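1. With the input below, show me the fold.
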Amino acid sequence: MESHIILLLFFLKCSSAVIYSINESEYAKFPALYDLDDFETCMLEPDAVYCVGDYDLFSDGPSELMRILQEYSEYKLKHYNHTQIHRGVCVTKTCKKFMETVSKTEDLESTLVACLNESIWNDYELQVKLNKIQYCKRADDRVTMDASDAVMIVVYLVFIALNIIGSCYDSTFWKKENKGNPYLLAFSVRKNWNKLIASSARGVDPRLDRLKLFNGLRTLTMICIFFSHSTLIMSYSYISNPMFVEKAYDDPLKQLLYNGSLVTHSFFVMSAFLLAYNLQLYSEKHVVTWKQFPRGVLLRWLRLTPIYALMMGTIATLMRHMGDGPLWPLVVTSESAACRQYWWAHVLYINNYIYDDAWCTPQSWYLASDTQMFCLCLLLCVMIRTPRSSKIMLTVLFVYSLVVVAAHTYFQNLDPVVLQKPESFRTVYAYDDTFRLLYSRGHTNLSTYTLGLAGGFLTYYLQTEKKDLKNYKNYRWAFWLLFPMGVAVILSGGIFYIDGITLPTTVKLLYATIYKPIFQILVVAFIIGCIFKFETVYRGIVEWRGFTWCGRVSYITFFTHTLIQRAYLGLQTTPYYMSEYNISMLLLASTAGSFISAAILWILIEAPVSGVTKTLLQPQPSRPPPSLQNERL
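-> Numbers count the residues shown, from 1 in each chain. Below you'll find the model as predicted:
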C-alpha cells in the first residue's frame, strides 16, 4: 500500500512537469534568451546582412538540459519561454563559412539555422530550428522618404510659420486696447506661454477654483504610467538578464507594478466626474437639449484628435528616420507600420475593438475606451433630467457594468486581472485575451466611469445644498487611510501569482467584478474630500502650484513618453541590462523629456488649435472675458 502511494506521488509530480524556481547557477547553464552580434561592425562591410529572428530549441535524443528548459518554461505565469531563443546575427561575419549565397530567402534561412546549430550544439548539445525571421537588414538598405513623410514635415513647418507670424503680430501690430485678429493671436507664443504657466483660477465661479486638484492628480497618475511603461518597454526589447523579470514576482514592492494598471483607470473617474459636474453647471444658465449631445461629441473629438493625429503621424513617418540599430525595426519601425495600417481606427476611436491593432500606440486603448464611454454617458445625461431618474440611471448602469465583466470573465474563460506574464511583455499583450477582450474595451470599463459620474453628481449636490464636510473632520483618519487602502487593493492582485495555487472560479469572478470599482471608490472619495477641503496633507500635495502646467500638458505626455522610451531602447546595440537603477534612470529621463517636449507642443500646437476651434465654434464677445475663464481643465 505504501509503495502504491509513493508511486502515485511520483506520478503526480512528473505529470505536473513544471519547475517553479531554479537557482542562479543552474539558470546560468541555460542558452542566453537574447543575444545580438555587433551591429555597427557588421554594417561596415558593403555586402553585410544582419538578421533578427526567433529560434526553437530541441533535442533528437535524451537531454537533461532540454527537459529542464521545457519544464521551467511551462510555468508561463512567471517565466519566459526558454525553449525559444532570440538572436541578432551578422550573417556575413558570424555565419561566413556557412554562407554560399544570401540572395534568396530559403538560402538565408538554411544558413542561419546551420550557423546557430553549430554554436548551440557546441555549447549546450542542443539543436535549433527557425521559428521566424523578424527582419533582415543589408548594408545598402535605406529608409526612403515618401509622400507621408513630406506631408508631416510640411505640417510641422506650417505650425512653426504660423507661430512666428502670430507672435510677431502679437508683439508688433496688435494693440491691447483693440480686439485684434483672434486667429493670429491664437498662435502667439507669448500668450500661450502665459496661459500655460497661469494659475488654476477660473474667474467668477469659486466652485471651479476647487477643481485645481485635477492637475496634480493627472500629473501623478501619468508619472505612475511612465513607471509602468519604462519596465514594459525594457521587457519588450532584448535584455541581458531576463531572470531579473522572473524574480521580480517574488518582490512585494514590485507587485505594485503587476496590478498597478488600476491607476490608469483613475483617468476614467476624472473624465466622468468632470462630465457630470460641468454639465450640471451648464444647466444652471442653459436649457439642456438634444443639441448638447452632437455638440459635446464634436468638441471632444476636436479637442483630442489634432494632437493625437499629429503624434500618430509622427510615429508612422518621421520616427522611422530618427535612428538605426539591430532593435530599431522591432521597437520603433514595427509601431510605425501598424500606425500606417490602422490610423483610421484611432481617428474614429474604435481601435480597442480592432483585435489585430495591438502595435500602434498601444496605450491609446484608453483614449478609445474613454471616448466611447463619454459618448454613451453624455447621451444618457442629456436624456435624463431629474435627480430621481439620474439615480436610477446610475444604478442600472453600475449593475449592468458588473454583470458584463462577470459574463465576459466566465464565458470567455478570462483571467480576473491582466496577468503580467513575461511573454506578454514581449508581445505588448497582443495575444492576451484578458487585455484585448476585457481590460481595454469601453463597455467593460463602465463601472469606473459610472462611479466618476456619481462623484460629479454628488459633489454638485453637496455644493448646491451647502453641505459642510468640515463638521466631520474628526474622521480625517479615515481619509488618510485612502492611500494605504488603495495600495492594499493593488497588492491584493498578488494572490494570482502564488506558485502552485489555482483559486476557485467563484473567487476569480468576484475579484474580476469588484476590484476596479473598489479602487475607484477610493479615488472618488479622495476627489470629493479635496474639493471640500476635508484635510490639508493630501490636498496640499495635489493642489501644489507646480502641478498646474504639468496637468495641462499631461495629455500630450501620454504620447511623448513612449516615443522617448522606444527611441532609447531601439538605439541599443546590445541586450539591455535591467536593474532598479536603470529603470529609475529611464523613468527620470522620460519624465523630464516628456513634460518638456509636451510643453513645447502645447504652446506651438495644442493651444493654438484649441484657440482657433473656440473662435470658429463660439464667436468672441464684444468685451474679452478674463484670460483664464474659457481655458479648459
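2. pLDDT weak spots in the stretch 251-400 of the chain?
-> For the stretch 251-400 of the chain, no stretch has pLDDT under 70.
3. rerun at 80
-> Where the stretch 251-400 of the chain drops to pLDDT under 80, the residues are 260, 385.
4. Let me see the ranges of the strands in this structure.
-> Remark: strands assigned in the chain by DSSP state E are 34-36, 49-58, 84-90, 127-138.
5. Check which helices and strands the first one is in contact with.
-> Of the remaining helices and strands, those touching strand 34-36 by 3 or more Cβ pairs under 8 Å, 6 or more residues apart in numbering; DSSP states H and E are strand 84-90. The way it works is simple: take the backbone N, C-alpha and C, and place the C-beta from them, glycine included.
6. quick one on the thing from earlier: can you say which of the strands of the chain is packed in most?
-> When these are scored by mean count of other Cβ atoms under 10 Å, the highest mean neighbour count falls to strand 84-90 (a mean of 23).
7. remind me which residues of this protein are low pLDDT?
-> For the chain (pLDDT under 80), the answer is 1-16, 99-106, 173-179, 200-205, 260, 385, 468-473, 618-633.
8. Neighbours of Ile527, how many?
-> Here the number of neighbours of Ile527 (other Cβ atoms under 10 Å) works out to 24.
9. got it, and Ala337?
-> Around Ala337 there are 14 other residues, counting by other Cβ under 10 Å.
10. any idea how far it is from Asp357?
-> 12 Å (Cβ to Cβ, to the nearest Å).
11. From Phe293, how far out is Pro387?
-> For Pro387, the distance to Phe293 - Cβ to Cβ - is 20 Å.
12. Neighbour count: these two, which is higher?
-> Phe293 (17 against 10).
13. Skipping adjacent residues, who's closest to that one in space?
-> In space, and not counting its chain neighbours, Phe293 is closest to Val382: 5.0 Å by Cβ to Cβ, 6 or more residues apart in numbering.
14. what's around the spatially closest residue to Ser171 that is not a sequence neighbour, how many residues?
-> In this structure, Ser171 finds its nearest non-sequential neighbour in Arg190, 6.7 Å apart by Cβ to Cβ, 6+ apart. For Arg190, the count of nearby residues is 13 (other Cβ under 10 Å).
15. OK, contacts around Arg190?
-> Residues counted as contacts of Arg190 (Cβ atoms under 8 Å, 6 or more residues apart in numbering) are 167, 170-171.
16. Among those residues, which lie within helices?
-> Ser167 (DSSP state H).
17. which residues touch the residue nearest the centre of the chain?
-> Nearest residue to the geometric centre of the chain (Cα atoms, centre = their mean): Gln363, 3.2 Å. In this structure, Gln363 makes contact with 225, 229, 558, 562, judged by Cβ under 8 Å, 6+ apart.
18. mind listing the helices in the stretch 301-450 of the chain by residue range?
-> Assigned by DSSP state H, counting those that start in this stretch, the helices in the stretch 301-450 of the chain fall at 328, 334-347, 365-383, 387-411, 422-426, 433-434, 446-464.
19. from the chain's centre, how far out does the second one sit?
-> Read that as helix 334-347. 16 Å (Cα atoms, centre = their mean, to the nearest Å).
20. What is it packed up against?
-> So helix 334-347, by 3+ Cβ pairs under 8 Å, 6+ apart, packs with helix 292-316.
21. just the fifth one next, same as before
-> Of the remaining helices and strands, those touching helix 422-426 by 3+ Cβ pairs under 8 Å, 6+ apart are helix 213-236, helix 243-248.
22. same check, this time on the fourth one
-> Judged by 3+ Cβ pairs under 8 Å, 6+ apart, the packing partners of helix 387-411 are helix 365-383, helix 446-464, helix 505-531.
23. Highest mean neighbour count across these, which stretch is it?
-> Neighbour counts averaged per stretch over the helices and strands packed on helix 387-411 are highest for helix 446-464, at a mean of 22; criterion: mean count of other Cβ under 10 Å.
24. Alpha carbons only: can I get it in CSV?
-> Output of helix 446-464 as CSV, limited to C-alpha atoms (Å, rounded to 0.1, in the frame of the first residue of the first chain):
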residue,chain,number,x,y,z
LEU,A,446,-18.3,51.2,-17.4
SER,A,447,-18.2,50.6,-13.6
THR,A,448,-15.3,53.0,-13.1
TYR,A,449,-16.9,55.6,-15.4
THR,A,450,-20.3,55.3,-13.6
LEU,A,451,-18.6,55.9,-10.2
GLY,A,452,-17.0,59.1,-11.7
LEU,A,453,-20.4,60.3,-12.8
ALA,A,454,-21.8,59.6,-9.4
GLY,A,455,-19.0,61.6,-7.8
GLY,A,456,-19.7,64.5,-10.1
PHE,A,457,-23.4,64.5,-9.3
LEU,A,458,-22.8,64.1,-5.6
THR,A,459,-20.3,66.9,-5.4
TYR,A,460,-22.6,69.3,-7.2
TYR,A,461,-25.5,68.3,-4.9
LEU,A,462,-23.3,68.9,-1.8
GLN,A,463,-22.2,72.3,-3.0
THR,A,464,-25.8,73.3,-4.0
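25. what's in contact with that helix?
-> Against helix 446-464 from outside (Cβ under 8 Å, 6+ apart): 207, 265, 268-278, 280-281, 370, 373, 376-377, 381, 387, 390, 394, 397-398, 400-402, 404-405, 469, 516-517, 520-521, 524, 527-528, 531-532.
26. Let's see that with 6 Å instead.
-> The contact list for helix 446-464, computed with Cβ atoms under 6 Å, 6 or more residues apart in numbering, reads 207, 265, 268-269, 272-273, 276-277, 280, 373, 377, 394, 397-398, 401-402, 516-517, 520, 524, 528, 531.
27. in stretch 159-179, what counts as buried?
-> 159, 162-163, 166-167, 169-170, 174 (16 or more other Cβ atoms under 10 Å).
28. same check, this time on stretch 331-351
-> Quick answer for stretch 331-351 (16+ other Cβ under 10 Å): 331-336, 338-340, 342-343, 345-346, 349-351.
29. next one: stretch 490-507
-> Residues 490-494, 496-497 are the ones in stretch 490-507 that count as buried (16+ other Cβ under 10 Å).
30. Now do the end-to-end distance for that stretch.
-> With Cα to Cα, to the nearest Å as the measure, stretch 490-507 spans 16 Å from end to end.
31. Pull the distance from that stretch to the chain's centre.
-> With Cα atoms, centre = their mean, you get 24 Å for stretch 490-507.
32. Please apply the same query to stretch 397-405.
-> Stretch 397-405 has its C-alpha centroid displaced from the chain centroid by 24 Å (Cα atoms, centre = their mean).
33. How about residues contacting that stretch?
-> Counting by Cβ under 6 Å, 6+ apart, 443-444, 446-447, 450, 512-513 sit against stretch 397-405.
34. give me that answer again for 7 Å
-> Contact with stretch 397-405 is made by 438, 443-444, 446-447, 450, 512-513, as judged by Cβ atoms under 7 Å, 6 or more residues apart in numbering.
35. likewise stretch 294-302?
-> Stretch 294-302 is contacted from outside by 371, 374-375, 378, 613, using Cβ under 7 Å, 6+ apart.
36. Quick check: buried residues in that stretch?
-> Result for stretch 294-302 [16+ other Cβ under 10 Å]: buried residues 296, 299-302.
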